[in-house]
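1. how would this look folded up:
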Amino acid sequence: NIRSSHPYRSTDHGVRSGSRARRTGDNSDRTDASVHARPLRFHFRSIIMVRRLLPLLFLVLSAGCSWFGGWFGGSDNSIPPAELKAIAQPVGVQQLWETQVGSGAKNQFIRLTPALADGRIYAASFDGVVVALDALGGQRLWESATQLPISGGVGVSDNGLVLVGTNKGQVVALRQDNGQEAWRGQVSSEVLAPPRAASGVVVIRTGDGKFAGLDARTGERRWVYAHAMPALSLRGNAPPVLTRNLVIAGLETGKLLVLSLDKGLPVTEKTIAPPRGRTEIERMIDIDAEPKILGDNLYLAAYRGSVAAIDMRGGNLLWNRELSSYAGLDVDERQVYVSDETDAVLALDRRNGSVLWKQAELTGRRLSAPVATRNHVVVGDFEGYLHWLDKGNGQIVGRIRAAGKAIVAPPLAAGDTVFVQGQGGALGAFRAGE
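-> This next block holds a predicted model:
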């Protein structure tokens, strides 16, 4: 009985399925670790979900925050993007192939992430285009024009489906072999995270604080779980991780939520990064990046919080490093790689969280989450560049302009090949030499 015997079990259940969740509206920016140090910036990672707008505006006006003036012609004291420096001994970076996927994000504040499965890469655009490509050569295997506003994707299932969600709460499943629609489902709110699927259940995270479990064969709803939403959070949701018949997700409250996959019942809810401060802006915290699993350990990063490692066998915290990140992290056998809120890239020791190196030459460039290849760590930036960093010391050793617009979705890696989709819809594969 998973409710009584699982090591994650606790008595703090949060809000049960069917409970009313706090709803939020959209605003057009976010605050960083210090409201006075960095203003709200107008790009994907900078969107705040604001539930009570008038009290927030009163708070901002009374505080005299510099970012408010920056919107209307005042000074902007955000960290300026670092100028790119020449690389002393660059490794050769080769573009293997490139294609265009619809109109991309179409100036929407969304993060469309491709999916890799069985030698294919699947990608989508906001104007409803979903494609399947051969990952090795980039040949287009099929294209489906759903004519839907896709805002969350792409996911794949173990029963041969490609999964996307829309800003109207629609969930569409296409067949991996030919792109034909298999079923269409409906959830409660916009879908901003890629769907995840395992063991016959498709899990959808929605913008109103809910998780929905759909039948992977039919799209029918099997369960819904709602959690309380804070007054402020970053716009966007991290997809959950499905493992060991569990749904594991970071929340807008800085907590880690664990549900049973088959019924959506709460297993535990643990505080990873507690809010601090007196005002709602000061207390804003969010786990907006996808957790990563390696072996028996789970790794996750929180905005205005910390990077933490958890032993999934007993649910115990292994280590906790105070470090703010909204882009996210990746992990390999030795190290955890993080893009922090200043856009520095750090490598932490996977055993204890100690900092092994820090690369600060890309500060202010609005980096994506890093991805680890065999010998390098790769990040994208707001101008569409991909940067290759040496795993051993963090030195920048390679660079290529991979897209005409910003790269906000985490790159994907298979061996030494890196796949990336820019906000303008450019999708490509790249490889660096030794």
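
2. element containing the nearest residue to residue 377 once chain neighbours are set aside, please.
-> Spatially, and ignoring its direct neighbours in sequence, residue 377 is nearest to residue 389 (4.4 Å; CB to CB, 6 or more residues apart in numbering). Where you see a C-beta, it was placed from the backbone N, CA and C, and this is true even at glycine. Here residue 389 sits within strand 385-390, counting by DSSP states H and E.

3. Alpha carbons of that strand, as CSV, please.
-> Only the C-alpha atoms of strand 385-390 are listed here, as CSV (Å, rounded to 0.1, in the frame of the first residue of the first chain):
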residue,chain,number,x,y,z
TYR,A,385,24.2,31.2,-29.3
LEU,A,386,25.2,27.8,-28.0
HIS,A,387,28.2,27.7,-25.7
TRP,A,388,30.4,24.7,-25.0
LEU,A,389,32.1,24.6,-21.6
ASP,A,390,34.9,22.2,-20.5
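
4. average pLDDT across that strand?
-> The average of the pLDDT scores along strand 385-390 is 98.

5. Point to the residue nearest the middle of the protein.
-> In the chain, the C-alpha nearest the mean C-alpha coordinate belongs to residue 289, at 3.9 Å (CA atoms, centre = their mean).

6. And that one, how close does it get to residue 251?
-> Distance, residue 289 to residue 251, using CB to CB, to the nearest Å: 12 Å.

7. ok, how many other residues are close to the closest residue to residue 332 other than its chain neighbours?
-> Excluding the flanking residues, the one nearest residue 332 by CB to CB, 6+ apart is residue 372, at 4.6 Å. The number of residues packed near residue 372 is 21, by other CB atoms under 10 Å.

8. Likewise for residue 358?
-> Neighbours around residue 358, by other CB under 10 Å: 13.

9. Next: residue 216.
-> The number of residues near residue 216, taken as other CB under 10 Å, comes to 23.

10. repeat for the one 3 residues further on
-> Neighbour count of residue 219, defined by other CB under 10 Å: 18.

11. Equivalent analysis for the one 4 residues further on, please.
-> A count of nearby residues for residue 223, using other CB under 10 Å, gives 19.

12. again with residue 87
-> When neighbours are counted by other CB under 10 Å, residue 87 registers 14.

13. residue contacts, the residue nearest to it when sequence neighbours are not counted?
-> Leaving aside its sequence neighbours, residue 87 sits nearest to residue 396 (CB to CB, 6+ apart; 6.0 Å). Residue 396 is in contact with 85, 87, 359, 361, 362, 387, 388, 389, 390, counting by CB atoms under 8 Å, 6 or more residues apart in numbering.
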